[in-house]
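**Q** Fold the following and give me the result.
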Amino acid sequence: MAGDPRALLRAMFDAAVAAAQPERVLGRFLPPPPKGRTIVVGAGKASAAMAAALEAAWTGPLAGLVVTRYGYAVPCRQIEIAEAAHPVPDANGENAARRMLETVRGLARDDLVICLMSGGASALLPLPAPGLTLADKQAVNKALLTSGANIGEMNCVRKHLSAIKGGRLAAAAAPARVVTLLISDVPGDDPAVIGSGPTVPDPTTVADAQAIIKRYRIDPPTAAQRHLAQGQDETPKPGDPIFRDHEVRMIAAPQASLEAAAAIARGAGYATVILGDAIEGEARHVATVHAGIARQVRRHGQPAPAPAVLLSGGETTVTVRGKGRGGRNVEFLLGLAVALDGDDGIYALAGDTDGVDGTEDNAGAMLAPDSIARARAKGLNARALLEDNDGYGFFAGIGDLVTTGPTRTNVNDFRAVLIERA
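**A** Numbers count the residues shown, from 1 in each chain. Presented below is the predicted three-dimensional model:
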């Protein structure tokens, strides 16, 4: 492996994904069984796998409902698994969210709600606020996804157009105790941002949501504009008594996955530098910074001597201006390819740990020193494709997409830049 940069990059990515698998981490975070009933709810790309891990570790009866993305279901015996669309929501998600609210209503103080949340939950729980329709939510979601807004900003808007997000699921479950188990896919691991925080207090306001819509020049449907302008349907805030005795437990996060990947690299004889687990910004701009650091390693041995691996996580954004295909990871890699322009001895892999880069069928892609040359030989212009937001077309054209299928976890994006000794 040490002599094959591609194999090493893939081994690091696989280790990062494996470190966040629910069956490996969930059991030690479970609360003791309650005197009353135990109800399980949840949403996200990892939620079905989390439900299966919970059933395997729990000693008493369970009931409940979780919703995951199409293709991400895992068979469970006691917990119902529903599937819905992501990233643009559909009616199955709306119905699942409505049923979830009904599932937790009418519980007693001796009952326990275990909420399983992971990335993707915002789109999978698209229950509109009063006066809104699913079509309104879909229109806002599509606009947010291409606006350049970061995940915290997107989820702020989503919370204030929702009947279940931003602590409203916890409000419906009162007076039952709620324990929320989280797999983080957001920079900073903020529980209020993960899945738009259905069971945690929301520090953001309607005014914040309005400011975000204005900042990114989003034109929401009339009903959504009217709902926000009225400002009467605010989310439950920190300090609200409905959250008394509730607990939030983070069971997996990007940093642990980066450390698992670093261990693989060190075992192969590479110095490792974790640049950060919460890096944000336009994907192509983040790529330019990574390219500069990689060149510094190769030419000057800083911040580590080659051979070395730079690792980073977080969630970049893509402001879509072109008509090409691709998510933020192939956008990052194509930006990196353009910035490096064939520099010798530098390889990279970027991928989404959930197995899906944006809305495509790949997790990400692989970059090698000869990628630009191989693409040029096939008539592909890297700069033109980057301007068209067509990272998918570039890497598909040279056969360097990374495809995993559903991983059933999600700790955000993974980036590794491998620098060989000069």
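**Q** wait, doesn't residue 177 sit right on residue 114?
**A** No: assessed by C-beta atoms under 8 Å, residue 177 is found out of contact with residue 114, at 9.7 Å. Every residue, glycine included, has its C-beta placed from N, CA and C.
**Q** In terms of packing, which of these two has more residues around it?
**A** Counted by other C-beta atoms under 10 Å, residue 177 and residue 114 do not tie: residue 114 has more neighbours, with 25 against 20.
**Q** tell me the contacts of that one?
**A** Under the criterion of C-beta atoms under 8 Å, 6 or more residues apart in numbering, the contact partners of residue 114 comprise 30-31, 38-42, 54, 64, 178-181.
**Q** Show me where the stretch 251-400 of the chain has its strands.
**A** Under the criterion DSSP state E, counting those that start in this stretch, strands of the stretch 251-400 of the chain are mapped to 271-279, 308-314, 346-352, 364-367.
**Q** want to try TSV for these, with distance to residue 263 and mean neighbour count as columns?
**A** Conversion of the strands of the stretch 251-400 of the chain to TSV gives the following (distance: least, C-beta to C-beta, whole Å; neighbours: other C-beta atoms under 10 Å):
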stretch	distance to residue 263	mean neighbour count
strand 271-279	8	18
strand 308-314	11	25
strand 346-352	16	28
strand 364-367	21	29
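**Q** which stretch among the ones you listed comes nearest residue 105?
**A** Nearest of the strands of the stretch 251-400 of the chain to residue 105, taken as C-beta to C-beta: strand 346-352 at 34.9 Å.
**Q** which residues touch that closest one?
**A** Residues outside strand 346-352 that contact it (C-beta under 8 Å, 6+ apart) are 5-6, 9-10, 12-13, 290, 294-295, 298, 327, 329-330, 332-333, 336, 340, 357-358, 362-369, 402, 404, 410, 412-420.
**Q** Starting from that strand, tell me which strands it pairs with and how they run.
**A** strand 364-367 (antiparallel), strand 413-419 (antiparallel) (DSSP bridges).
**Q** quick one: the last one to strand 308-314, angle?
**A** Right, the one you point to is strand 413-419. Put simply, strand 413-419 runs at 160 degrees to strand 308-314, going by axes from the mean of the first three to the mean of the last three C-alpha atoms, to 10 degrees.
**Q** by how many degrees do strand 413-419 and strand 271-279 diverge?
**A** Put simply, strand 413-419 runs at 150 degrees to strand 271-279, going by the same axes, to 10 degrees.
**Q** wait, residue 218 sits on residue 147?
**A** Yes: because the distance of 5.9 Å satisfies C-beta under 8 Å, residue 218 is recorded as touching residue 147.
**Q** So for those two, which residue has more residues nearby?
**A** Remark: of residue 218 and residue 147, residue 147 carries more neighbours, 21 against 18, as counted by other C-beta under 10 Å.
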